[in-house]
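Trainee: my questions are about this predicted structure, shown below with the sequence.
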Amino acid sequence: MKTFEKNNSIYFECTYRDWNGEVTTPTSPTHKVVDSKGNEETSGIPSLKETGVYYFYWESSEEDTYVVEFRGGIGGQNGIARQLFKIVETKVS
């Protein structure tokens, strides 16, 4: 599980591929971040970086475990990619 420090901007990226593994442009791409209690922290339409590659930035001020989710249609099917990550407090020695 990836870990990020709280109060920092986090970059999330997703590359959409068709069933042959080729990078493709999805229909209706969206993103969402959900906390461990199921509360939606942010959602929207990700920005296009290049063909089939979408991204967004997000910042959390709360320590917790989250899920980032990208959705989009590919070849008439709805696809979803999820990844678990954790926000922690920065500790200085």
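Mentor: The structure has been received and is ready for your questions. Numbers count the residues shown, from 1 in each chain.
Trainee: can you map out the strands along the protein?
Mentor: Applying DSSP state E to the chain gives strands spanning 2-5, 9-15, 27-35, 40-44, 47-50, 53-59, 64-74, 77-88.
Trainee: what lies in contact with the last one?
Mentor: Outside strand 77-88, the residues within contact range by C-beta atoms under 8 Å, 6 or more residues apart in numbering are 1-6, 10, 14, 16, 26, 60, 62-73. For the C-beta atoms, the positions are set from N, CA and C on the backbone; glycine is no exception.
Trainee: pull out the buried residues from these.
Mentor: F4, I10, C14, Y16, P26, S60, Y66, V68, E69, F70, R71, G72 (16 or more other C-beta atoms under 10 Å).
Trainee: turn the residues you listed into TSV, including pLDDT and distance to D35.
Mentor: Output for the buried ones among the contacts of strand 77-88, formatted as TSV (pLDDT from 0 to 100; distance: C-beta to C-beta, whole Å):
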residue	pLDDT	distance to D35
F4	94	14
I10	97	14
C14	97	20
Y16	96	25
P26	96	25
S60	89	8
Y66	98	6
V68	98	11
E69	98	12
F70	98	17
R71	97	18
G72	97	23
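Trainee: ok, of these, which one's closest to E50?
Mentor: Closest to E50 out of these is Y16 (11.3 Å), distances taken as C-beta to C-beta.
Trainee: the closest one reaches E22, doesn't it?
Mentor: No - at 9.9 Å, Y16 and E22 do not qualify as touching, with contact defined as C-beta atoms under 8 Å.
Trainee: quick check: the residue nearest the centre of the chain vs G52, distance?
Mentor: The chain has V68 as the residue nearest its centroid, 3.9 Å off, counting by C-alpha atoms, centre = their mean. Between V68 and G52 the computed distance is 18 Å (C-beta to C-beta, to the nearest Å).
Trainee: low pLDDT regions in the protein?
Mentor: For the chain, residues meeting the criterion pLDDT under 70 lie at 93.
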